[in-house]
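Engineer: Sequence first, predicted coordinates after that:
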Amino acid sequence: MTDPANTLPHLNAVLNATTVVLLLLALRFIRARRIGAHRGAMMGAICVSAVFLVSYLVYHFSAPIFVFRGEGLVRPAYYAFLISHVTAAALVTPMILVTAWRGLSGNVKHRAIARWTLPLWMYASVSGIVVYALLYHVYT
């Protein structure tokens, strides 16, 4: 059986990247007024993000704490970046649910919150990929 500590970080990065692609597609679809395609891409992004959240929690409850190996000025910069990533992820989670609910129910306030949700969700997903790259590929 594979060890979650060795496989889940890589899966999480793929899930984050998939979310980024789906969010970009959703943005493109809504700008082209392709509402059905937009809805499909957004539901896909929500599902992929839900799988990510489960995988992330399983990883952090089953794996030892992974220490950042960078030294010097990059270390506090990494932790500041990590804090911004975790904060964005925590803030955007309920926003995604509210935005999706409003969009699916036809609420006119959907667009107002979506203008905040999309960039924050995109930041959380992209910064997650950067954190992964720094931990597992740059400072190994």
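Structural biologist: Looks like it came in fine.

Engineer: Output the longest helix belonging to this structure.
Structural biologist: As assigned by DSSP state H, the longest helix anywhere in the chain is helix 74-104.

Engineer: shaky segments in this protein?
Structural biologist: 1, 4 (pLDDT under 70).

Engineer: Packing partners of the longest helix of the chain?
Structural biologist: Other elements packing on helix 74-104 under the criterion 3 or more Cβ pairs under 8 Å, 6 or more residues apart in numbering; DSSP states H and E are helix 35-62, helix 110-133. C-beta: built from backbone N, CA, C; applies to glycine.

Engineer: And the residue nearest to residue 43 when sequence neighbours are not counted, how far from residue 39?
Structural biologist: Once flanking residues are discounted, residue 43 sits nearest to residue 100: 7.9 Å by Cβ to Cβ, 6 or more residues apart in numbering. With distances taken as Cβ to Cβ, to the nearest Å, residue 100 is found 10 Å from residue 39.
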